[in-house]
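J.: need a structure here:
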Amino acid sequence: MQPPPGYTTAPTNKVYRLRRSLYGLKQASRQWNTELSLKLIEHGFVQSNHDHCLFLKHSSDHSLFLLIYVDDVLITRTYESDIISVKKYLHSQFTVKDIGVAKYFQGLEIARGEKGTYVNQRKYILDIIKYVGLIGARSVSVPIPKGTKLSQISSPPFADLERYRRLIGRLLYLNLTRPDITYGIQQLSQFVHSPCQIHWDTAIHLLRYLKGCPSLGLYFPVQQNFTLAAYSDADWASCSDTRRSLTGFCVYLGDTLISWKTKKQTTVSRSTAEAEYRSLATTVCEVTWINYILKDFAITIPLPIPLWCDNKSALHICANPVFHERTKHLEIDCHIVINKFKGGFVLPQHISSSQQVADIFTKALAAPQFHHLVSKLGLGDLHQLPA
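T.: Numbering: from 1, shown residues only. Just a heads-up that it's a prediction; the model follows:
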């Protein structure tokens, strides 16, 4: 350890006494990451330029992948002997604990079978329900009632500010495996600075939905084709306070959902077409990043990538990029859609609103349509999946 900058009065030939553990120091996490990364690179790993937590090691007949989360490490491989070798190396450099095949990792429950892998957060969900005191509550069919519009001044302020913040913080972590509640969590997280009573009531409604399906999670079948497809949608001027639009998208690898997001746009859109076009640009950026990650895994995907949108005006802007009164105010970065389309990377196509999967990420839907779209997200229940 080096003394902190500016500390020059330490006598020579003396040792420093730490009054707190290394984990308590501000620079500890960065120093640990730097040291671990250097040791892995010395062992022949290559750090991904697109995700610095991912390390890869390719050879002619096998591949090895290593993922870091602070001081937890996940390793997968072509041959088991490669994993044993890496474990021995890490143990020679650090003191490590081998807990075997991953079954529970950072709140994620992982179940494997011959036909696929299932990931959920059932225990985490039940702990949240117990924390709020809803063990005996009745479940509901949708996370957010249809037509719900939350705003900053919709009801009296909620009394327990810290309790609301803690609940939303826990719900945000559920986005890892529960895309069906992404829209609801995005809506509730806007008001953590000053929640109202209706925001708390809506959060309770979302928890009652989770109580009815705590085992729902992502299912990754073994038989998989490496083709990408993306769905993009927007809800124009949906925010009652700022009149900014909402972007929603999801990306599939084969039949498996691998990426999704609900996010408020940074500027106010003047039309539905503009909001949809901005959403397309955000989706194209996500698909581009996923393509880079797949290349790190030595996976080549067929091009162009289908990009489904239910707004014909936005598709016309992409197909006919003529500057006129309706498009000349758009930021340059929005036209990444045109560039990727001309380059043969994506192929924007029209889809009906009833079949637009990304619709579930932009608005509160009625129960029949909500469950119809959830069935297309590739979610599964552990007790109903094949062995």
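J.: now do the helices in the stretch 101-250 of the chain.
T.: 122-132, 161-173, 182-189, 197-212 (DSSP state H, counting those that start in this stretch).
J.: how far away from the center of its chain is the second one?
T.: So the one you mean is helix 161-173. How far helix 161-173 lies from its chain's middle: 18 Å, per Cα atoms, centre = their mean, to the nearest Å.
J.: of all the helices of the stretch 101-250 of the chain, which one is nearest Cys53?
T.: Minimum separation from Cys53 across the helices of the stretch 101-250 of the chain (Cβ to Cβ) falls at helix 161-173, 16.9 Å. Placement of C-beta: from N, CA and C, glycine included.
J.: could you say what helices and strands the closest one packs with?
T.: Applying 3 or more Cβ pairs under 8 Å, 6 or more residues apart in numbering; DSSP states H and E, one finds that helix 161-173 makes contact with helix 122-132, helix 182-189, helix 197-212.
J.: cutoff 7 Å now
T.: Applying 3 or more Cβ pairs under 7 Å, 6 or more residues apart in numbering; DSSP states H and E, one finds that helix 161-173 makes contact with helix 182-189.
J.: tell me where the stretch 1-150 of the chain is predicted with low confidence.
T.: Applying pLDDT under 70 to the stretch 1-150 of the chain flags residues 1-12, 14-26.
J.: in it, which spans are strands?
T.: Listed in chain order, the strands of the stretch 1-150 of the chain (DSSP state E, counting those that start in this stretch) span 46-47, 54-58, 63-69, 72-77, 104-105, 108-112, 116-120.
J.: quick one: these as JSON lines, columns for distance to Cys285 and mean neighbour count too.
T.: Output for the strands of the stretch 1-150 of the chain, formatted as JSON lines (distance: least, Cβ to Cβ, whole Å; neighbours: other Cβ atoms under 10 Å):
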{"stretch": "strand 46-47", "distance to Cys285": "22", "mean neighbour count": "15"}
{"stretch": "strand 54-58", "distance to Cys285": "19", "mean neighbour count": "18"}
{"stretch": "strand 63-69", "distance to Cys285": "22", "mean neighbour count": "17"}
{"stretch": "strand 72-77", "distance to Cys285": "26", "mean neighbour count": "15"}
{"stretch": "strand 104-105", "distance to Cys285": "28", "mean neighbour count": "12"}
{"stretch": "strand 108-112", "distance to Cys285": "26", "mean neighbour count": "16"}
{"stretch": "strand 116-120", "distance to Cys285": "25", "mean neighbour count": "19"}
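J.: got JSON lines for these, with distance to Pro306 too?
T.: Shown next, in JSON lines, are the strands of the stretch 1-150 of the chain (distance: least, Cβ to Cβ, whole Å):
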{"stretch": "strand 46-47", "distance to Pro306": "31"}
{"stretch": "strand 54-58", "distance to Pro306": "26"}
{"stretch": "strand 63-69", "distance to Pro306": "27"}
{"stretch": "strand 72-77", "distance to Pro306": "28"}
{"stretch": "strand 104-105", "distance to Pro306": "32"}
{"stretch": "strand 108-112", "distance to Pro306": "30"}
{"stretch": "strand 116-120", "distance to Pro306": "24"}
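J.: among those, which is nearest Phe341?
T.: strand 54-58 (28.8 Å).
J.: how far off strand 72-77 does the closest one point, in degrees?
T.: Angle of strand 54-58 versus strand 72-77, following axes from the mean of the first three to the mean of the last three Cα atoms, to 10 degrees, is 20 degrees.
J.: that's a strand at Leu365, yeah?
T.: No - applying DSSP: H, G, I helix; E, B strand; the rest coil, one finds Leu365 to be coil, outside a strand.
J.: against Gln369, how distant is the nearest residue to Leu40 once chain neighbours are set aside?
T.: Leaving out its chain neighbours, the residue that sits closest to Leu40 by Cβ to Cβ, 6 or more residues apart in numbering is Phe55, at 5.1 Å. Distance, Phe55 to Gln369, using Cβ to Cβ, to the nearest Å: 42 Å.
J.: against Tyr183, how distant is Cys309?
T.: 18 Å.
J.: look at these two and report which has more neighbours.
T.: Cys309 (27 against 23; other Cβ atoms under 10 Å).
J.: beta-bridge partners for the closest residue in space to the more buried one that isn't next to it in sequence, please?
T.: Among residues not flanking Cys309 along the chain, Ser232 sits closest, at 5.2 Å (Cβ to Cβ, 6+ apart). Counting by DSSP bridges, Ser232 is bridged to Phe249, Cys309.
J.: surely Ser232 meets Leu280?
T.: Yes - if you go by Cβ atoms under 7 Å, Ser232 and Leu280 touch, sitting 5.1 Å apart.
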